[in-house]
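A.B. asks: I would like the atomic coordinates for the input below:
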Amino acid sequence: QQQQQQMQDDSSKILAFKHKAPKPSEGFQDGLRVLYSQNKVSGRNGGSAHKVSRHIAQAPDRILDAPELRPDFYLNLLDWSSTNTIAVALGEVVYLWNASNGSIAELCQVEEGDYVSSVSWLADGSHLAVGTGSAQVQLWDVHAQKKVRSLGGHSSRVAAMDWNEHVLSTGSKTGGIFN
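C.D. replies: Next up is the predicted model:
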């Protein structure tokens with residue numbers, strides 16, 4: 001009866017430890033520790049030690065006006081490049097905002113009745129992929145402001161895109177993924 005009572009007590013627990021976890025081997029370093037949960041101490045080699053904390057701004061640095069930004073959680077309408085340029089899709093148009101000097105340029109405009117559904121920068125910031133609501137993917141040379149290629153194949157809007165070096169993967173609303 002005592003064993004049956006113990007089984008009932010154990011069955012109510014999802015996970016129960018009978019013994020303590022073994023101690024790590026000597027010299028073990030935990031590579032999965034949380035990096036940002038504690039303040040780091042500066043001042044090595046005999047210098048004064050003080051805590052370093054990260055400043056988090058309480059107010060925005062800049063506010064960009066974004067009329068015609070589609071209110072759809074599933075679209076990727078903004079991407080920041082390695083060259084400090086933000087691509088933003090507003091309705092039928094893709095704009096480029098240079099965060100270094102504040103300049104704004106219109107890169108492209110899709111056909112009337114269509115809309116831009118996603119944007120994604122190549123890692124070096126030289127090319128931008130633009131997905132549309134009509135299931136097209138356009139590749140743009142940003143410096144020349146010229147469309148390099150237009151790709152089809154999807155059957156619905158292209159809502160997700162990402163680069164792996166020079167290979168672009170695209171995903172559509174219907175779940176199709178193309179490389």
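
A.B. asks: Does residue 178 touch residue 153 like I think?
C.D. replies: Yes: counting by Cβ atoms under 8 Å, residue 178 touches residue 153, with 5.5 Å between them. Just so you know, the C-beta spots here come from the backbone N, C-alpha and C atoms, and that holds for glycine as well.

A.B. asks: Which of these two has more residues huddled nearby?
C.D. replies: For residue 178 and residue 153, the more surrounded residue by other Cβ atoms under 10 Å is residue 178, and the numbers stand at 15 against 12.

A.B. asks: what ranges do the strands span in the chain?
C.D. replies: If DSSP state E is used as the criterion, the strands of the chain fall at 40-42, 50-52, 78-80, 85-90, 93-98, 104-109, 116-121, 127-132, 137-141, 146-151, 158-164, 167-172, 177-178.

A.B. asks: Tell me which of those approaches residue 27 most closely.
C.D. replies: Proximity to residue 27 (Cβ to Cβ) singles out strand 40-42 among these, at 22.0 Å.

A.B. asks: so for the closest one, what's the average pLDDT?
C.D. replies: Mean pLDDT, strand 40-42: 54.

A.B. asks: again, but for stretch 137-153
C.D. replies: For stretch 137-153, mean pLDDT is 94.

A.B. asks: Next, the distance between the ends of it.
C.D. replies: End-to-end span of stretch 137-153 (Cα to Cα, to the nearest Å): 9 Å.

A.B. asks: Please name the residues that touch the most centrally placed residue in the chain.
C.D. replies: Most central in the chain under Cα atoms, centre = their mean is residue 79, positioned 8.3 Å from the mean C-alpha point. Contact analysis of residue 79 by Cβ atoms under 8 Å, 6 or more residues apart in numbering lists 86, 87, 119, 120, 121, 128.
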